[in-house]
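Visitor: Need coordinates for the below:
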Amino acid sequence: MKDGSRYEGEFENGEITGKGERHYADGTVYQGRFHAGEKHGYGEITYARTGEWYKGEWNLNVRQGQGTLFTKDKNTFTVRLTPIFSVV
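Guide: This is a model prediction of the structure:
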């Protein structure tokens, strides 16, 4: 891909949609559901730079809903993330 990442998984009408695995250029790996190229639905991600690992729900590339964050220090945080909207 143009950003240096690679993807293996399902496509729909030429879009990354469905279950798949994306390896980012920095070493971060996401395994889970996608919609129109965005992390969407349940997925697990390991962040290469921080060593953190998150598993849970996503909404268009944003961690949203029920999830668990594991830190490199072996701390575990179970969270329920809700969207924040701003009014202009």
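Visitor: so where's the protein shaky on pLDDT?
Guide: Along the chain, segments meeting pLDDT under 70 span 83-88.
Visitor: Distance of the closest residue to Glu52 other than its chain neighbours relative to Ala25?
Guide: In space, and not counting its chain neighbours, Glu52 is closest to Thr71: 5.5 Å by C-beta to C-beta, 6 or more residues apart in numbering. Placement of C-beta: from N, CA and C, glycine included. Plainly put, Thr71 is 23 Å away from Ala25 if you go by C-beta to C-beta, to the nearest Å.
Visitor: same thing with Gly65?
Guide: Using C-beta to C-beta, we find Gly65 at a distance of 27 Å from Ala25.
Visitor: When those two are compared, which one has more neighbours?
Guide: Taking neighbours as other C-beta atoms under 10 Å, Gly65 and Ala25 compare with Gly65 leading, 16 against 11.
Visitor: residue nearest the centroid of the protein?
Guide: Residue closest to the average C-alpha location in the chain (C-alpha atoms, centre = their mean): Lys39, at 4.9 Å.
Visitor: What strand or helix carries that one?
Guide: Secondary structure assigned from DSSP states H and E places Lys39 in strand 38-46.
Visitor: packing partners for that strand?
Guide: Counting contacts by 3 or more C-beta pairs under 8 Å, 6 or more residues apart in numbering; DSSP states H and E, strand 38-46 packs against strand 29-35, strand 53-59.
Visitor: contact partners of the helix or strand that comes right after the last one?
Guide: Moving toward the C-terminus from strand 53-59, the next helix or strand (DSSP H and E) is strand 62-70. Residues lying outside strand 62-70 but in contact with it, judged by C-beta atoms under 8 Å, 6 or more residues apart in numbering, are 52-59, 76-83.
Visitor: ditto for stretch 71-87
Guide: Counting contacts by C-beta under 8 Å, 6+ apart, the residues outside stretch 71-87 that touch it are 50-52, 56-57, 59, 62-70.
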